[in-house]
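K.L.:
I would like to see how this sequence folds:
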Amino acid sequence: MAFLDGCSPADSVRLCRSAGSFVEAAAQAEDYFSSDSASQSGQFFRNNRAERENRAEQVLDWCRHNQVTCLNLLDPDYPPLLLELSVPPPLLFIRGDAQLLSMPQIAIVGSRNASPGGLGNARAFAAALAASGFVITSGLALGIDGAAHDGALQTGKTIAVLGTGLDVIYPRRHDDLYRRIISQGGAVVSEFLPETPPFAGNFPRRNRIISGLSLGILVVEAALKSGSLITARYGLEQGREVFAIPGSIHSAFSKGTHQLLKQGATLVESAADIAEQLGGLLASMAPDVKTGQPPPTEAGQVLLEAMGFDPVDMDMLVQRTAMSVNTLTQELLLLELEGAIAVGQGIYQRLR
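P.N.:
The predicted model follows:
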């Protein structure tokens, strides 16, 4: 059915659920697509059955040779939360530990062009939540997604959901991350057949899987037109909890998260905030992402308070602190080494 022109995932799910098996669903699909309303697709279906069966066998051979698990929505190991979707993916291709898909998951998503502070928050929240027992799920994209996967691998497991076939790593620069996820006991998942390229229309479908697998979605940073807001919207439609980290009112990367907060998302400042809301013993196990940092010097603390959480330059810091440029340079270097601030192109951003 996956090779039948005109047979959408919604058609496959509807026929499969009514028939009770994919074999019977395929027979019903032949009758349906040979009707007057779908004659062209039906002709394709009847006249190319041998070709389609050959292509399906090739995909199964590829799965066997590449240690890929293929689950259909009637498989007992199919993730139960995905079954709650109105149109769950008819097929899932999984590289790595397929059982992770049924474990409690938190999705962490956000901007591809993230700020240093956003990347740090994504890593810290992912590491803390993974240490508490949650699997961290994201989309392997640049920016927040990659940082979330990387943070989760420091303390636990992560799942990457792709908008391509499993054999198409996108973006290419995440080739090493893709392989680390698998080698460290995680999983890479796709509903798309092997060799499927990164078409733009694939990524909203990927986003609905990310939210569908998860108990909650954390949006770290997002512009108003960010794809991560699509994931959050899917999550709300699916009855999932949506969390957002607030940011500077002057940052474009905070506009999307602030919009979510206005619409009722839960404001979070630590991983414990998420674990407490999602309940159970995980709440008491979750470390706070704000702990474990060395305290700044007295001058450093004064400097942090003068910086606030909006980007500032050296001239502004001189005005606010009355410190010399030499003193400021030394303290800023110490704060950067401690991970308290990020520096880029002469602009300083407080991180904690």
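
K.L.:
which stretches of this structure form strands?
P.N.:
Using DSSP state E, the strands assigned to the chain run over residues 68-72, 91-96, 105-109, 135-138, 158-161, 187-190, 216-219, 241-244, 266-267, 312-313, 341-344, 347-350.

K.L.:
now do the longest one: which elements does it pack against?
P.N.:
Contact here means 3 or more CB pairs under 8 Å, 6 or more residues apart in numbering; DSSP states H and E; on that basis strand 91-96 packs against strand 68-72, helix 175-183, strand 187-190. Where C-beta positions appear, they are placed from N, C-alpha and C, glycine not excepted.

K.L.:
just the buried residues of the longest one, please?
P.N.:
Right, the one you point to is helix 175-183. 177-178, 181 (16 or more other CB atoms under 10 Å).

K.L.:
export the helices and strands packed on strand 91-96 to TSV and append columns for distance to Ala131.
P.N.:
Below are those laid out as TSV (distance: least, CB to CB, whole Å):
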stretch	distance to Ala131
strand 68-72	26
helix 175-183	17
strand 187-190	18
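
K.L.:
between those, which gets nearest to Leu278?
P.N.:
Among the helices and strands packed on strand 91-96, the nearest to Leu278 by CB to CB is strand 187-190 (20.6 Å).

K.L.:
tell me which strands that closest one pairs with, and in which orientation.
P.N.:
Its sheet considered, strand 187-190 pairs with strand 91-96 (antiparallel), strand 158-161 (parallel) by DSSP bridges.

K.L.:
ok, residues contacting that strand?
P.N.:
92-98, 100-101, 140, 157, 159-166, 178, 181-182, 196, 206, 209 (CB atoms under 8 Å, 6 or more residues apart in numbering).

K.L.:
buried sites along it?
P.N.:
187-190.

K.L.:
and if you look at stretch 73-84?
P.N.:
So stretch 73-84, judged by 16+ other CB under 10 Å, has buried residues 73, 78-79, 81-82.

K.L.:
repeat for stretch 253-265
P.N.:
Buried, per 16+ other CB under 10 Å, within stretch 253-265: 253-261, 265.

K.L.:
could you give the average pLDDT over that stretch?
P.N.:
The predicted model assigns stretch 253-265 a mean pLDDT of 94.

K.L.:
what's the closest of the strands of the chain to Ala127?
P.N.:
From these, taking CB to CB, the stretch that ends up closest is strand 135-138, at 8.8 Å.

K.L.:
how far does the closest one sit from its chain's centre?
P.N.:
6 Å (CA atoms, centre = their mean, to the nearest Å).

K.L.:
one step back: let's have the buried residues of strand 187-190 in CSV, adding pLDDT and distance to Ala122.
P.N.:
Formatted as CSV, the buried residues of strand 187-190 follow (pLDDT from 0 to 100; distance: CB to CB, whole Å):
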residue, pLDDT, distance to Ala122
Ala187, 98, 19
Val188, 98, 19
Val189, 98, 20
Ser190, 98, 22
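
K.L.:
which of those sits closest to Val343?
P.N.:
Val188 (34.1 Å).

K.L.:
quick one: that closest one and Gly165, what's the gap?
P.N.:
Counting by CB to CB, to the nearest Å, the separation of Val188 from Gly165 is 11 Å.

K.L.:
same question, Ala127
P.N.:
In terms of CB to CB, Ala127 sits 30 Å off from Gly165.

K.L.:
identify whichever of the helices and strands packed on strand 91-96 lies nearest to Ala114.
P.N.:
Nearest to Ala114, of these and by CB to CB, is helix 175-183 at 15.2 Å.

K.L.:
of all the strands paired with strand 187-190, which one is nearest Leu119?
P.N.:
strand 158-161 (15.6 Å).

K.L.:
closest to Thr327 out of the strands of the chain?
P.N.:
strand 347-350 (14.4 Å).

K.L.:
and the closest one, what does it pack against?
P.N.:
Right, strand 347-350 is packed against helix 116-131, helix 298-307, strand 312-313, strand 341-344 by 3+ CB pairs under 8 Å, 6+ apart.

K.L.:
bridging residues for the spatially most central residue of the chain?
P.N.:
By CA atoms, centre = their mean, the mean C-alpha position of the chain lies nearest to Ser138, the distance being 1.8 Å. For Ser138, the beta-bridge partners are Ala160 (DSSP bridges).

K.L.:
contacting residues for Phe199?
P.N.:
Gly163.

K.L.:
and if you look at Ile169?
P.N.:
175, 178.

K.L.:
Asn207 now?
P.N.:
Applying CB under 8 Å, 6+ apart, the residues near Asn207 are 109, 139, 227, 230-231, 234.

K.L.:
okay but Asp313 is in contact with Gln349, surely?
P.N.:
No. Contact criterion CB atoms under 8 Å: Asp313 and Gln349 do not qualify, at 10.9 Å.

K.L.:
ok, those two, which is more surrounded?
P.N.:
When neighbours are counted by other CB atoms under 10 Å, Gln349 comes out ahead of the other of Asp313 and Gln349, with 20 against 11.
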